[in-house]
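Novice: Make a model of this:
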Amino acid sequence: MKRTSLLLFLLMAFALVLSACERAVEATPTLAPTAPTATPDPCSPAMMPTTLAPVNALMREFDDAAQLAAQTPRDQLVLVIPSLQEIRRRAEDQEVPSCLATLKALQITHMNTVINTLMAFLSGADVNILVQGISQARLQREDYNRELARLTGMTYEPPATATPAPTGVTAVATNTGADPVSLYALPSTDAVPVGVLAAGQGSVAIGRSADGRWIQIISPEDPTQSVWVLAEAVTLVGGEGLPVVP
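Specialist: Down below sits the predicted model:
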C-alpha cells in the first residue's frame, strides 16, 4: 500500500512538471524572421568612389614606380623593373565589378606597355622603338583617365599640347638636323629616353648642366615636364644666361 501511494505521488509530480514545461513553451514568443540585409550596388553613384579606390591606388603606385624607373640609368633598370611587374600582377589579380572591366583592361594595357618599353631599352632597342612605346603609354594613360572621368561623372580635360614660354625666358633649343634627337629624364645617355625633338622642332630652354654638355628644355609633348638634350645635338639661341641646374 505504501509502495502504491509512493508511485501515485511520483506520477502526479511528474505530471505537474510536464504541465509547467508545456506552459513555458507556450509562453515563449515566436520571433519574426529577420529580413536579409540588402548588399549595396558597387556600381551605384554613391558607391563608385569606394569601388574605384583600390584600382586607382594601384595605378598611382605604378605611376610612382614608373617615374622612378624613368630616372634610373640603363644598367640599374634590372633592379626596378621587378617592382613594376609586381604591381601589375596585383592589378591583374584584383577582382572588380563588371562596371570597372574596361578601366581595368586599360590599366593593364598601360602597365604592359611601360614595362615592355623599359625592357626593350634595357636590351638596347632602337630609339624609335622606345619613343613609340613611350608615346603609346601616354595615350593609354589618357584613355584610362578618360574612362575614370566617365565613371565618376566628371569632365576629362586632356593635357595641353602647346609649349608655353616661361616669362622672361627667350632661349630656344632647336633640332636643325635631319633626324630626331633623343630627350632624356636625366643629363645622361644612360638614362631612359622620354621622347624626341623632331627634325626642325624647337622648345624653350630653361637650364644647362654644369659642364655645358646638356641643355634642359620644356618637353615638347608635356609642357609640365622638363627634359634634357645633348647640347651638340641642337642649335641654342639666346642661351647665354641659362642657369646651371644642380
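
Novice: Please export the C-alpha coordinates of the top strand by length along the chain as PDB.
Specialist: Assignment by DSSP state E gives strand 202-208 as the longest strand of the chain. Coordinates of the C-alpha atoms in strand 202-208 are reproduced here as PDB (Å, rounded to 0.1, in the frame of the first residue of the first chain):
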ATOM      1  CA  GLY A 202      62.300  73.600 -81.100                       C
ATOM      2  CA  SER A 203      61.500  74.100 -77.400                       C
ATOM      3  CA  VAL A 204      62.100  76.600 -74.700                       C
ATOM      4  CA  ALA A 205      65.500  76.100 -72.900                       C
ATOM      5  CA  ILE A 206      65.400  76.600 -69.200                       C
ATOM      6  CA  GLY A 207      68.800  75.400 -67.900                       C
ATOM      7  CA  ARG A 208      72.100  73.700 -68.600                       C
END
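
Novice: got a list of contacts for that strand?
Specialist: Strand 202-208 is contacted by residues 163-166, 169, 171-175, 197, 214-220, 226, 231, 236, 239, 242-245 when judged by C-beta atoms under 8 Å, 6 or more residues apart in numbering. To be clear about C-beta, it is placed using only N, CA and C from the backbone, and glycine gets the same treatment.

Novice: repeat that for 7 Å
Specialist: Counting contacts by C-beta atoms under 7 Å, 6 or more residues apart in numbering, the residues outside strand 202-208 that touch it are 163, 165-166, 169, 171-174, 197, 214-218, 220, 226, 236, 239, 242-245.

Novice: repeat for stretch 212-221
Specialist: The set of residues that contact stretch 212-221 without belonging to it, under C-beta under 7 Å, 6+ apart, is 163, 173, 183, 187, 195, 197, 201, 203-208, 225-231, 234, 236, 245.

Novice: could you dump stretch 187-197 to CSV, C-alpha only?
Specialist: Provided in CSV are the C-alpha atoms of stretch 187-197 (Å, rounded to 0.1, in the frame of the first residue of the first chain):
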residue,chain,number,x,y,z
PRO,A,187,71.5,64.6,-68.3
SER,A,188,73.0,61.2,-69.3
THR,A,189,72.7,58.9,-72.3
ASP,A,190,72.4,56.0,-69.8
ALA,A,191,69.0,57.4,-68.6
VAL,A,192,65.8,56.3,-70.2
PRO,A,193,64.8,58.3,-73.3
VAL,A,194,61.5,60.0,-72.7
GLY,A,195,60.8,61.4,-76.1
VAL,A,196,62.4,63.1,-79.1
LEU,A,197,62.8,66.5,-80.6
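
Novice: what comes up buried for it?
Specialist: Of the residues in stretch 187-197, those buried by neighbour count under the rule 16 or more other C-beta atoms under 10 Å are Pro187, Ala191, Val192, Pro193, Val194, Gly195, Val196, Leu197.

Novice: before we move on, the earlier item: among the contacts of strand 202-208, name the buried ones.
Specialist: Neighbour counting by 16+ other C-beta under 10 Å classes 163, 169, 171-174, 197, 214-218, 220, 226, 236, 239, 242 among the contacts of strand 202-208 as buried.

Novice: What is the burial count for the closest residue to Gln85 other than its chain neighbours?
Specialist: In space, and not counting its chain neighbours, Gln85 is closest to Ile115: 6.2 Å by C-beta to C-beta, 6 or more residues apart in numbering. Using other C-beta atoms under 10 Å, the number of residues around Ile115 comes to 21.
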